[in-house]
Every structure is written in structure tokens, then in C-alpha cells.
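Engineer: output the structure for:
(one chain, ligands or ions: 2)
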Amino acid sequence: MKKEKNSLNSQINCLKGVGFKYYNLLFSLGIETIRDLLFYFPFRWDNFSNVKKIAQIKPNEKITILGQIVEIKNIRSFYKKLTITEALVKDETGNLKVVWFNQPFLTQNLIKGAKYRLNGKIKYSKNQLILQSPSYEKAKSFQAKNSDFDQLIPIYSITKGLTPKMLRYLIRQALEYIDQLNEYLPKEIIKNQKLISNVEAIKNIHFPQNFEMLKKAKKRLVFDELFIFQLNYQLKKYSFRKNKSPKISKKIPYIKKILKNLPFSLTNDQKIAIWEIINDLEKNSPMNRLLEGDVGSGKTIVATICALNTAQNNYQSVLMAPTEILAKQHFEQVTKLAKKHQSACAILTRSLTKILNSKTGKIEKIKKDQLKKLIKKGGIKIIVGTHSIIQKDVEFKNLALNIIDEQHRFGVMQRSFLTQKSQGNQKSTPHLLSMTATPIPRTLSLTIFGDLDISIINQLPKGRKKIITKIIPPDKRTDAYEFIRNQIEKGRQVFVICPLIEESEVLNTKAAEKEYEKLNKQIFPDLKIGLLHGKLKPKEKEKLMRNFSKNKISILVSTSVVEVGVDVPNASIMMIEGAERFGLSQLHQFRGRVGRGKYQSYCFLFTESPSSKTAQRLKYLEKTQNGFKLAQKDLDLRGPGEFLGHKQSGFSFFAIASLKDINLIKASRQEAQNLVEKDPDLKTCPILKKKMEKFKDVHFE
Ligand code: ADP
Ligand code: MG
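Structural biologist: Ligands and ions are numbered 1, 2, ... in the order given. Sure, this is the predicted structure:
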């Protein structure tokens, strides 16, 4: 009862042992309150009781050893670009090498000379047994609390200065407040899904009574995450659908005329996509459709034709691109058609304002204010631009169609609602078409979004040359350079992608600088080489890309995180360093930057570790050019976690691990749908309603 004054929302410094130091450490992990601490879940549970002697261990076993740390140090591996912590541990039967990756702080957390329990898997490498990335426990802490001994011990991701023991000590204290946690799931759902209470689940996720309870706890907490995600989505969808949108009728003869005048004929998939979109536009509820298609599959023309049809109905459309360069390229495509089929269009970005003069057919500069006035009066029917400007200060007469290009993965659906918000002052909601070249495997989009409308362009226009893709092992590197030089002498250009080093743009930039130095000084000292990385200012980036477009630079080295997004038909080689570090989908995206012109193009996958598994994966890329097949393969091989990335998906590590659990996903979606149908205002479940309010402005980006 003495704890009454504290609540789940109390700051963690009300706990015993949390002074300035731990407060800051926990803060850096995102833990500020007791509640945060309770929701800081372990990622693994180890059993430290089954102790083996070092002399007895065998490869591939998961074991615990009890030994003394004789030596511990960090080693930088430049070859693999990571920090390895290496320790030597001994017991009375022998010595064992122990390694951890990229946790340099371990040399400070683990004390030389002290005894530890180490739990992990034994690997056999280079003629010796190694214990790899074990969890660890100071042996003494067990003696102190013998009851811990037979239990499953939670393993948390920690940070420098914070030991697992300390974290457990704090979580035990936090658990004293657990009864204050309200049940937010409706009783019916708990019953239907045979879930345990959230209080039981939190208790058992940290300190499971047994395996059975751990399983139940996981199920309940994963269900919660999936359910909240689904409910948020269903609620927004519900309010989106309630809105009214302008009816845009299909002008079939007009569209036929456009198609007849094209210098090529559309692929079947393109025609189907147009058909699906213009049918949606005829309804008076807002369209929310995703157009997926590989790079070069011709999404822009599909979008443009739909925008022209909208203009024929005297309504306005917007086409948004993520960068100015891309907006410019779209504008070129749009004006080509608009010129022939009489539609007023303009481009509006931070630094660019141009308009198609419908009388002369010429593109002319115009003052920004003047253009805005024209748009407001409805004089311009198709406005091409970048996100920021369109959302901020442009007013429309009657915007009916929003087209957003190159959405980032799972931001797609959520961003649509943002767009709707920014148009909130209008009487009607514009239809929305999002376009992406990142194919989301059907199974994944179905499990997550269920009934999102999707049009897929699954074929490239006729006559496109295959991009010849080759894995280059270390001993073939020189040959590849030779080939590249040859291509450049023929006038072609080259993209170089540097390996991805964790999430750090600083390290990525360093790697790119190194690569640039190498190519510039040793390999191609006589050629013009450019370096593009995240630290450059937007102006510098634009300038570099412009120079590359104009072939003033032969080789463009860039970090993998920088969006190049330019169309350079003259670039015929994509070379990717550390290819094994990327997913197939991402490699495929990189590859799509070449092969846009008339030249035979190549993609070289450099890999330092052509270990069989990696090489196998890369072989798919050699074999197939179809982005959907590659995405599916990625999903099968690496799982949804790698595929989605935590940040983009809106799921935690915990739920991602379960995204393969189709049944649980289906169940959570079904429950969310039922609830929204029955009680869209969540009147019957006030605690849940309050919880959902937090998500109002969260768009899972
Ligand atoms: P993406 O889907 O990557 O956005 P784009 O729309 O930029 O692709 O199209 C790439 C190029 O292909 C453009 O120059 C476009 O004019 C051309 N294109 C589009 N559809 C076809 C087609 N059916 N046949 C031939 N070329 C096409
Ligand atoms: Mg495009």
C-alpha cells in the first residue's frame, strides 16, 4: 500500500536504484515511465540452469557454461565492417572463445576475472568451437536469488552501462504496479480469441511461470499489437469511406483517341489498371487505390491518362513526386500528352514554376503567385509537383484526384489519410491513387491491409532488354572493372552503390568516401567520378545529379540510402558493393536505375562472402527480372521483419516476428472489422477508445 502515490505513469526515477545515471540510460532506450518499463519486452528467454562443462560441448548445441572471463577485447573488422567483442572464458575443464558482434560496450559491462553464466549456441569455425552472441549473467547474481535458477530468464536488448541484472531488478519493481493496468480489450474479444488478461500477459512476458504461460503471454501481446494496428486502420478507413467525392465520368472516346495517338501501345496490365481506376472515379465515394508496378512498367502514363480524363470532366488533378527531379520528369511526360489532348497543366515545386501554354504548345516560366491564382481559379487542370508545396499553401478550385508517386512502402495507406486531412476544408474528398515500384507481396498486403484496392502492372512494355545480372566474386573483380572501363569508353555511365552499414548514415558516408577514393585514385584515376551521400545539401545533390544526367560525370558513387531517382538513359551499369547485405527487393530497385535507354545494361553484384546461402539468394536476381517474384522470395527467405523494416511498418520487433502467423492476423483483422461495424465510435469500450486516440495522428511512417 505504501506505493499508492505512484502510478503507471510515474517517472522511473521513483523506483529504487534509479538515479541520474540510470534515468538517462533508460531514457535512451525510450523508457520514461513505469508503464514504459513494463512494455519493454524481452526478445528471448534463456534457461541458464542446464550448465555444461567446456570439455563436453559440441557444435550447434545451445548450452550454458559457467566460467571465468580470462580476457576480453574489441576488434574492428574492416572486412566485414563491424566490431567484434572477443573473450576467452575458462572453467576447470578447458577454455572457450566467445564472440559478440557490434556491442562494443560489452567490454565495459563484462568484468575480466569475474565468473559468468553464458548461454548461447556453439558454432564451429576455423577449426575451433566458438560460443556466439551468448546472453550472460554474473554467476553471483544467481547465488543471491536461487529461485531464478530454474526459470526462463528474460533477455532484453540493453545498452552500455545497463546490465541485464539491473534491468530485471527494475522490471520486478515495476511489476508491483501491474494491477493498475486496465483491460482495454472488450470481453467478447478476449473470450472469442481465448486470450489471457493483459496483466497476466505482462507478468509472464517478463518472468514466465513456464513455457506454456510464455506462449500465452506472447499470443496475447502480439494479438494486441496487431489488433490496435488493424483497428486504427479500419477506423480511418471507415471515416474515409463516409466522405463524398466528385463523380468523374469515363470519357471513353476521348481516352481511345489518346491511346491511338501514343507512339506505342499500352500493355494489357496498363489498360486494366486504367480501367480499374476510371471505374473507381465514377463513384461518389473516394477511391483509395494503390498502383504497383516495377520501375519502367509505365505507371506515369496510366496516371496521366486518368488525370486527363478528370480534366475532361473539368476537375483538377495533382501528381506528386518525392523529389524535384522526378517531378520534372513527370511534367515532361504529362505535357507531351496534355499538349496533344488540350489540357492545361503546370509544375510547381520550391524552385520551379512553369506552365504549358495551350495556345503555342510551349512550356513557359510563370511567377509563383500568378500560378497559384490560376490554380485557385481552376485554370490549370493538372498540377505536377512535390509533396511539401502541394500540401502547404496551394488552394484549388475543385481538386478531384490526388496521385502520389513512389510512396515508401507501408506509408502508402496511411499517407492517404494525411492527404485527406490537408484537404479538409473542402466539401469533397479527392480520390487518391498511390503509385509504388516496391512490390508488396500479395500475401503480405492481404494479411495486413486485407481489402486495400490494388492494381498491378506485372509486365514491362515490349522490347525492353533484360538487364544482364552477374554475381562477381572477389577474384573476378579486375575483369569487371575492365568491362566497366570498356563501357565508359563507349560513352556509357555507371552507378555504384556502397554497402549498407547498419542504420548509420555517418558510417555509410564513410564507406562511400572510401569507395570513392579507391575508384578515383586506384582504379579509374583518369575518369570523372562523383560522390553522392546523405550529408550533402539538397542543392549539391541536385547539381551532382544534373551533371550525371548530362554525362559530365562517368561514375556516380552513392550510399544506399540516397534516393537517386533520376532517369539517366545513358547509364548502363549498376554495380553494387556488399550485395549480400541487401534484400532482393532492394537490389532489384537499384537495378532498375539502369536499362532505361536503348543500350544493353548490366548489374554487377559484388560480394566478398560468396558463401553458399548468400550466393543462392543472389542467384534469384540473376535469374529473374520480375519484382513481384523477387519480393515474394525475399519474404520467404528473410521473413517479414527484414522485408518491412520496423520503422516503416509501425510494428514492433515483437509483432513482426509474428507476421507470418496468418491466423492471428486474420483473427485480429476480423475482430477489428466487427467492432468498427458494430460500434464505430467505440462507445462500448471507453478504455480502448482512449488508447486509440493516441493513434489519431500516428500514420505508421
Ligand atoms: P515507372 O512505372 O517506373 O514510373 P514510367 O511511367 O516512367 O515508368 O515509364 C518509363 C518509360 O516507358 C517512359 O518513357 C514511358 O513513356 C514508357 N512507356 C510507358 N508505357 C509504355 C508502353 N506500353 N510501351 C512502351 N513504352 C512505354
Ligand atoms: Mg515512376
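
Engineer: contacts and neighbour counts: CA atoms only from here.
Structural biologist: OK.

Engineer: stretch 213-228: how far from the chain's middle?
Structural biologist: Relative to its parent chain, stretch 213-228 has a centroid offset of 23 Å by CA atoms, centre = their mean, to the nearest Å.

Engineer: so what's the residue count around residue 311?
Structural biologist: Residue 311 is flanked by 23 other residues according to other CA atoms under 10 Å.

Engineer: that one in helix, strand or coil?
Structural biologist: helix (DSSP: H, G, I helix; E, B strand; the rest coil).

Engineer: so who does it touch?
Structural biologist: For residue 311, the contact set (CA atoms under 8 Å, 6 or more residues apart in numbering) comprises 317, 343, 381, 382.

Engineer: adding distance to ligand 1, secondary structure and neighbour count, write those out as CSV.
Structural biologist: CSV is the format used below for the contacts of residue 311 (distance: CA to the nearest ligand atom, whole Å; DSSP: H, G, I helix; E, B strand; the rest coil; neighbours: other CA atoms under 10 Å):
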residue, distance to ligand 1, secondary structure, neighbour count
317, 17, strand, 30
343, 18, coil, 23
381, 20, coil, 29
382, 16, strand, 29
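
Engineer: nearest to residue 363, of those residues?
Structural biologist: When the contacts of residue 311 are ranked by distance to residue 363 (CA to CA), residue 343 comes first, at 12.9 Å.

Engineer: if I look at the closest one, how far off is residue 377?
Structural biologist: Remark: distance between residue 343 and residue 377 (CA to CA, to the nearest Å) = 15 Å.

Engineer: what is the mean pLDDT for stretch 167-184?
Structural biologist: Across stretch 167-184, pLDDT averages out at 92.

Engineer: one step back: any idea which of the contacts of residue 311 the model trusts least?
Structural biologist: On pLDDT alone, residue 343 ranks lowest of the contacts of residue 311, at 84.

Engineer: from residue 305, how far off is that one?
Structural biologist: In terms of CA to CA, residue 343 sits 11 Å off from residue 305.

Engineer: which one of the contacts of residue 311 is nearest residue 429?
Structural biologist: Set against residue 429, the nearest of the contacts of residue 311 by CA to CA is residue 317 (12.2 Å).

Engineer: surely that closest one and residue 381 touch.
Structural biologist: Yes. Counting by CA atoms under 8 Å, residue 317 touches residue 381, with 6.1 Å between them.

Engineer: residues near the closest residue to ligand 1 within the stretch 601-701 of the chain, how many?
Structural biologist: Nearest to ligand 1, among the residues of the stretch 601-701 of the chain, is residue 627, at 11.9 Å (CA to the nearest ligand atom). As a burial measure, residue 627 scores 27 neighbours (other CA under 10 Å).

Engineer: residue numbering should commence at 765 henceforth.
Structural biologist: Done: numbering now begins at 765, and the last item shifts to residue 1391.

Engineer: quick check: it touching residue 1351?
Structural biologist: No. Between residue 1391 and residue 1351 there is no contact under CA under 8 Å: 9.9 Å.

Engineer: shared neighbours of those two, anything?
Structural biologist: Shared contacts of residue 1391 and residue 1351, defined by CA under 8 Å, 6+ apart, are absent.

Engineer: and the nearest residue to residue 1158 once chain neighbours are set aside, what element?
Structural biologist: Distances taken as CA to CA, 6 or more residues apart in numbering place residue 1136 nearest to residue 1158, at 6.4 Å, with adjacent residues excluded. Assigned by DSSP states H and E, residue 1136 belongs to helix 1132-1141.

Engineer: who does that helix touch, helix- and strand-wise?
Structural biologist: For helix 1132-1141, the packing partners by 3 or more CA pairs under 8 Å, 6 or more residues apart in numbering; DSSP states H and E come out as strand 1117-1120.

Engineer: the helix or strand just after the strand it packs on - what's its average pLDDT?
Structural biologist: Where DSSP H and E defines the elements, the next helix or strand beyond strand 1117-1120 is strand 1127-1129. Strand 1127-1129 comes out with an average pLDDT of 92.

Engineer: which helices and strands sit right next to strand 1127-1129?
Structural biologist: strand 1117-1120.

Engineer: send the alpha carbons of the strand it packs on over as PDB?
Structural biologist: Taking Å, rounded to 0.1, in the frame of the first residue of the first chain, the C-alpha atoms of strand 1117-1120 are listed here in PDB:
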ATOM      1  CA  THR A1117       7.000  27.200 -61.700                       C
ATOM      2  CA  LYS A1118       6.200  26.500 -65.300                       C
ATOM      3  CA  ILE A1119       3.100  26.200 -67.300                       C
ATOM      4  CA  LEU A1120       2.100  24.700 -70.600                       C
END
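
Engineer: mind listing residues that contact it?
Structural biologist: Identification of contacts with strand 1117-1120 by CA under 8 Å, 6+ apart yields 1099, 1103, 1108-1112, 1126-1132, 1135.

Engineer: and stretch 1115-1124, what's buried?
Structural biologist: Residues of stretch 1115-1124 classed as buried by neighbour count (16 or more other CA atoms under 10 Å): 1116, 1117, 1118, 1119, 1120, 1121, 1122.

Engineer: what's the pLDDT at the first one?
Structural biologist: At residue 1116, the predicted lDDT confidence score is 86.

Engineer: same check, this time on the fifth one
Structural biologist: pLDDT recorded at residue 1120 is 91.

Engineer: list the beta-bridge partners for it.
Structural biologist: Legend: beta-bridge partners of residue 1120 under DSSP bridges are residue 1127.

Engineer: which parts of the stretch 1365-1465 of the chain are strands?
Structural biologist: For the stretch 1365-1465 of the chain, the strands defined by DSSP state E, counting those that start in this stretch cover 1366-1370.

Engineer: same question, the stretch 915-1064 of the chain
Structural biologist: 916-919, 1052-1057.

Engineer: pLDDT of the helix holding residue 1136, averaged?
Structural biologist: Here the average pLDDT along helix 1132-1141 is 92.

Engineer: ok now it, how far from the chain's centre?
Structural biologist: With CA atoms, centre = their mean, you get 37 Å for helix 1132-1141.

Engineer: report the buried residues of that helix.
Structural biologist: Along helix 1132-1141, these residues count as buried under the neighbour rule (16+ other CA under 10 Å): 1132, 1135, 1136, 1137, 1138, 1139, 1140.

Engineer: from residue 1159, how far off is the second one?
Structural biologist: Using CA to CA, one obtains 11 Å as the distance from residue 1135 to residue 1159.

Engineer: one more: the first one?
Structural biologist: Distance from residue 1132 to residue 1159, counting by CA to CA: 13 Å.

Engineer: ok, residue 1287 - contacts?
Structural biologist: Here residue 1287 is in contact with residue 1245 (CA under 8 Å, 6+ apart).

Engineer: try 10 Å
Structural biologist: Contact partners of residue 1287, counting by CA atoms under 10 Å, 6 or more residues apart in numbering, are 1242, 1245, 1246, 1249, 1280, 1281.

Engineer: between residue 1135 and residue 1159, which contacts overlap?
Structural biologist: Common contacts of residue 1135 and residue 1159 (CA under 10 Å, 6+ apart): residue 1141.

Engineer: now the phi/psi pair for residue 836, please.
Structural biologist: Dihedral angles of residue 836 (phi, psi; degrees, to the nearest 10) stand at phi -150, psi 130.

Engineer: mind checking the SS state of the residue in the stretch 1115-1264 of the chain that ligand 1 sits nearest to?
Structural biologist: In the stretch 1115-1264 of the chain, no residue comes nearer to ligand 1 than residue 1225, which is 4.4 Å away by CA to the nearest ligand atom. Using three-state DSSP, the three-state assignment for residue 1225 comes out as coil.

Engineer: burial check on it, number of neighbours?
Structural biologist: Close neighbours of residue 1225, defined as other CA under 10 Å, add up to 17.
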